[in-house]
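[1] Here is the input, now give the coordinates:
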Amino acid sequence: MNTDFTFKINSISFDQNYQPANHTRITTNFANLARGAHRQKNLRNTLQMINNRFNALAHWDNATQDRYSVELKIISVDIDVEGNGNTFPTIEILKTNIVDQKTGQLIEGIVGNNFSSYVRDYDFSVILSRHNENKTGFSIPDDFGELHGKLFKHFVNSNDYKTYFSKPPVICLSVSDRKTYHRTENEHPVLGVEYTPNETSLTEQYFGKMGLKVRYFMPPNSVAPLAFFHFGDLLNDYTNLELISTISTMETFQKIYRPEIYNANAPAGKLYQPNLKHQDHSLTQINYDRTERSQLAAEQGKFVEENFIRPYQHLLRQWSADCA
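    Numbering: from 1, shown residues only. Prediction:
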C-alpha cells in the first residue's frame with residue numbers, strides 16, 4: 001500500500017489579468033474578486049491597496065512611499081494519493097515577493113498568507129453539520145480535523161515544499177466575532193500591539209491540528225488585530241519586510257471582506273470584541289459577494305466527499321493511522 005503521498009505544486013500570478021483555474025475553490029478570497037463584470041477593476045484596486053499599505057509600513061528610506069511593490073503568486077497544491085499521477089486539489093496559498101524599485105532587487109516574502117482548503121470545507125460543511133444534525137447542543141467529533149491536519153503537516157514537511165519554499169508558512173486570518181481580545185503591553189515595530197483572546201476557538205483548535213500556533217497583533221495604524229498562525233518563532237524567524245508583505249496583503253483582503261471590523265472608523269480599544277454588525281465603518285470601492293461565498297462552501301464540501309474522501313477512504317484511513 002502506498003503511504004507516501006506526493007504533491008504537485010503549481011503557481012500563477014495574482015495580477016489584474018488573473019482568472020481562477022477550474023479547480024480553484026470559488027469561495028477563496030482572491031478567486032471571488034476575479035469574477036463578474038468588475039473583475040479587472042477589483043484586482044487593480046486590491047493590488048494598489050496592498051502596495052500603498054506596504055509602503056506606509058516600510059517607511060524607512062522611503063520618503064515618497066513608493067519604493068516597494070508586492071508581487072503575489074497563487075500556489076496550488078494537488079495531492080497524489082496512489083502514486084499514479086492522478087491528483088486532487090488540496091490547498092491554495094499565497095506567496096508574496098517584494099520588488100525594491102530603488103535597487104531593482106526582488107526580495108522573497110512569506111508563503112501562506114491566505115489559506116484555502118477543500119478538505120476544510122468538507123470538515124466544516126459536511127462532517128460538523130452531520131454530527132450536530134437533530135441535536136439540541138453543539139459538539140465536535142473526536143477526530144475532527146485530524147486528517148486535514150496530518151495532510152497539511154505532511155505537505156509542509158515534504159521535499160516538495162522544501163524545494164519551493166525556504167521558510168515555514170504563516171497564515172493570516174480575521175479575528176473571531178465570538179471572542180473578546182485584551183490588549184497587552186507587548187509591541188512589535190511592524191506587527192504592532194499584541195492582543196490575547198479570552199478563550200480558545202474551534203478555528204484555533206483546527207489549526208492546532210495542522211501544527212500551527214497563533215498570536216494576535218494590531219499593526220500600526222490598523223483598527224483591529226489580525227490572527228497570525230505560524231510554526232516556530234513568529235517575531236524572530238521572519239524579517240520586517242517579510243512580515244509587512246503578509247500584513248499589507250491580508251489586511252487589504254480583510255478590509256474588503258470584513259469592513260465592519262477592518263475598515264471601522266475607530267480602532268480597537270484595550271478590550272475589543274469584533275462585531276460584524278458594526279455600522280460605523282467605511283466600504284472599499286471593490287465589489288464582493290459575501291452571501292454567495294458562504295452558500296458555495298457547502299457545495300464544495302460535498303464535492304470533496306464525492307471525489308476525494310469516498311474514493312480514497314481506505315487509503316486515507318490507513319495512512320492517517322500510520323501517521324499516529
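[2] if I look at residue 178, how far off is residue 131?
    Note on residue 178: its distance to residue 131, by C-beta to C-beta, to the nearest Å, is 19 Å. C-beta coordinates here come from the backbone N, C-alpha and C atoms, glycine included.
[3] ok, which stretches of this structure are strands?
    6-13, 68-80, 88-100, 106-117, 170-174, 181-188, 192-197, 213-218, 226-230, 271-272 (DSSP state E).
[4] Indicate which one of the ones you listed is closest to residue 126.
    strand 106-117 (13.3 Å; C-beta to C-beta).
[5] Packing partners of the closest one?
    Other helices and strands packing on strand 106-117, by 3 or more C-beta pairs under 8 Å, 6 or more residues apart in numbering; DSSP states H and E, are helix 29-33, strand 68-80, strand 88-100, strand 170-174, helix 240-257.
[6] Let me have those in a markdown table, adding mean neighbour count as columns.
    As requested, these are exported to a markdown table (neighbours: other C-beta atoms under 10 Å):
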| stretch | mean neighbour count |
| --- | --- |
| helix 29-33 | 23 |
| strand 68-80 | 20 |
| strand 88-100 | 22 |
| strand 170-174 | 22 |
| helix 240-257 | 24 |
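[7] In CSV, list these along with distance to residue 15.
    Formatted as CSV, the helices and strands packed on strand 106-117 follow (distance: least, C-beta to C-beta, whole Å):
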stretch, distance to residue 15
helix 29-33, 11
strand 68-80, 8
strand 88-100, 12
strand 170-174, 20
helix 240-257, 13
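[8] Would you reformat the ones you listed as JSON lines and include mean pLDDT and distance to residue 269?
    What follows is the helices and strands packed on strand 106-117, written out as JSON lines (pLDDT from 0 to 100; distance: least, C-beta to C-beta, whole Å):
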{"stretch": "helix 29-33", "mean pLDDT": "62", "distance to residue 269": "28"}
{"stretch": "strand 68-80", "mean pLDDT": "94", "distance to residue 269": "30"}
{"stretch": "strand 88-100", "mean pLDDT": "94", "distance to residue 269": "30"}
{"stretch": "strand 170-174", "mean pLDDT": "96", "distance to residue 269": "18"}
{"stretch": "helix 240-257", "mean pLDDT": "95", "distance to residue 269": "19"}
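[9] Any idea which of the ones you listed gets closest to residue 54?
    With C-beta to C-beta as the measure, helix 240-257 is the member of the helices and strands packed on strand 106-117 nearest residue 54 (4.0 Å).
[10] Need the CA coordinates for the closest one. CSV is fine.
    C-alpha atoms of helix 240-257 as CSV (Å, rounded to 0.1, in the frame of the first residue of the first chain):
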residue,chain,number,x,y,z
ASN,A,240,10.4,43.0,8.9
LEU,A,241,9.8,43.2,5.1
GLU,A,242,8.5,39.6,5.1
LEU,A,243,6.0,40.4,7.8
ILE,A,244,4.9,43.6,6.1
SER,A,245,4.2,41.7,2.9
THR,A,246,1.8,39.5,4.9
ILE,A,247,0.2,42.4,6.8
SER,A,248,-0.3,44.5,3.7
THR,A,249,-1.8,41.7,1.7
MET,A,250,-4.1,40.2,4.3
GLU,A,251,-5.3,43.4,5.9
THR,A,252,-6.3,44.5,2.4
PHE,A,253,-8.4,41.4,1.9
GLN,A,254,-10.0,41.8,5.3
LYS,A,255,-10.9,45.4,4.6
ILE,A,256,-12.8,44.2,1.5
TYR,A,257,-14.4,41.1,3.1
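[11] how close does residue 257 sit to residue 178?
    17 Å.
[12] which regions of the stretch 1-150 of the chain lie under the pLDDT threshold?
    1-3, 20-38 (pLDDT under 70).
[13] ok, now which ones touch residue 180?
    Contact analysis of residue 180 by C-beta atoms under 8 Å, 6 or more residues apart in numbering lists 197-198, 271-273.
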